[in-house]
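Chemist: Predicted model and sequence below, questions to follow.
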Amino acid sequence: MIQDFKKELQSADPQLLWFDRLRTLQVNLGNRCNHSCTHCHIQAGPNGKKIMSKTVMEEIIDFLRGCPGLCVDVTGGCPELNPDFRFFINSIYKLASKIMVRTNLTVFFEPGLDWIPQWYSRYKVVLVCSLPCYTQENVDKQRGQGVFKKSIAALKILNGLGYGVDNQLELNLVYNPGGDFLPGPQAQLEADYKRELEEKYGVKFNNLFTITNAPIGRFKRYLKANGKLKQYLRLLMENFNLDTAENIMCRRLISIDYKGVAYNCDFNQALNLPIIDSAGQIVSIERLDDVLSGDIEIITDDHCFCCTAGAGSSCTGSLVK
């Protein structure tokens, strides 16, 4: 069984441990959320205090002016709950090749936020929506009582605006396993989701992304409490698939936290493992452009096995068929 992620990639191809080129800038606007999901790796919730300021947003906007054409992947927590969320999207709209927002759907029903779906459609924002199952029982168990019904209502609103129906308005769903197991085949799950959601609720969407639960945050606490952490890590290691390594997100994505600090991925951000420059200094957004001209080593640990297990896992789903 493979037990050292870094050594395995080093022996296969040393270049896999180094950043390739920037395609996606992922921006985490903070850990405030109207849910406290059991699998959440950043432990987001209603009392989240890590909120990106407008000052940091302006530094990101300056970076994008000098590096236009990137995909900007906006996440949280619930990114819409950042008080300057609207300012940020308005400011980056003409600088990015694509804007993706990771929404939990139910935020549309929070007081004063019913304008968001129409606004998304006007800017043609690509939506990546949390819906960890197509059954009410499983969703409510993972995300809270009543979340499934609200999610379906939100999806119907989006369908009514053309999302998932109009080719110009992309609506994607995210599946997370409800426990300590790997996702099933993405194509099969997508077919199941499409059948069940359309037949039962009249809901349509474009793509399903399957994302393996990372053994960090609340999910790690769950594993420890149930004596399953070692067993889950063993599962990830035993299913290591070298074919996924070329496409792991940390090779072409950089994640920015609420303070503007840069990370190889959102998981490293949750673990406080920032990108370090050649002088041993932490890299933040105002120096990112300079650092990109050199070599960036990817910081790894045991949690990286969740991205290379089975068909692989990234922010946009499986890495191999």
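Modeler: Right, received. Where do you want to start? Numbering: from 1, shown residues only.
Chemist: where's residue 32 relative to residue 216, distance?
Modeler: Applying Cβ to Cβ, to the nearest Å, one obtains 19 Å for the distance of residue 32 from residue 216. Heads up, the C-betas are built off the backbone N, CA and C, glycines and all.
Chemist: With residue 143 instead?
Modeler: Per Cβ to Cβ, residue 143 is found 18 Å from residue 216.
Chemist: One more: residue 107?
Modeler: Separation of residue 107 from residue 216 (Cβ to Cβ) stands at 24 Å.
Chemist: ok so, going back, ok, residue 143 and residue 216, which is more surrounded?
Modeler: Neighbour count, other Cβ atoms under 10 Å: between residue 143 and residue 216, residue 143 has more, with 25 against 21.
Chemist: what's the nearest residue to that one if we skip its chain neighbours?
Modeler: Nearest non-adjacent residue to residue 143, counting by Cβ to Cβ, 6 or more residues apart in numbering: residue 37, 4.9 Å away.
Chemist: tell me the pLDDT at residue 162?
Modeler: For residue 162, the pLDDT comes out at 97.
Chemist: Might one say that it is in contact with residue 204?
Modeler: No - with contact defined as Cβ atoms under 8 Å, residue 162 and residue 204 do not form a contacting pair (10.4 Å).
Chemist: which other residues reach the host helix or strand of residue 193?
Modeler: Following DSSP states H and E, one finds residue 193 within helix 186-201. Here helix 186-201 makes contact (Cβ atoms under 8 Å, 6 or more residues apart in numbering) with 131, 134-135, 152, 155-156, 173, 175, 183, 203-205, 207-210, 311, 317-318, 321.
Chemist: again with stretch 108-121
Modeler: Residues outside stretch 108-121 that contact it (Cβ under 8 Å, 6+ apart) are 34, 80-81, 86, 101, 107, 127, 150, 153-154, 157-158, 161-163, 169.
Chemist: just curious, which of the residues you listed is nearest to residue 283?
Modeler: Nearest to residue 283 among the contacts of stretch 108-121: residue 101, at 24.7 Å, using Cβ to Cβ.
Chemist: On the three-state scheme, the residue nearest to that closest one when sequence neighbours are not counted is what?
Modeler: Spatially, and ignoring its direct neighbours in sequence, residue 101 is nearest to residue 74 (4.7 Å; Cβ to Cβ, 6+ apart). Secondary structure, DSSP: H, G, I helix; E, B strand; the rest coil: residue 74 is strand.
Chemist: Give me the neighbour count for residue 74.
Modeler: A total of 24 residues lie near residue 74 under the criterion other Cβ under 10 Å.
Chemist: right, and it touches residue 102 too?
Modeler: Yes - the pair formed by residue 74 and residue 102 meets the contact definition of Cβ under 8 Å, at 6.8 Å.
Chemist: how about the helices in the stretch 201-321 of the chain?
Modeler: Taking DSSP state H, counting those that start in this stretch as the test, the helices found in the stretch 201-321 of the chain are 217-225, 229-238, 266-270, 285-292, 305-308.
Chemist: Kindly report the same for the stretch 1-150 of the chain.
Modeler: Using DSSP H, counting those that start in this stretch, the helices found in the stretch 1-150 of the chain span residues 5-12, 54-66, 85-92, 116-123, 136-143, 147-160.
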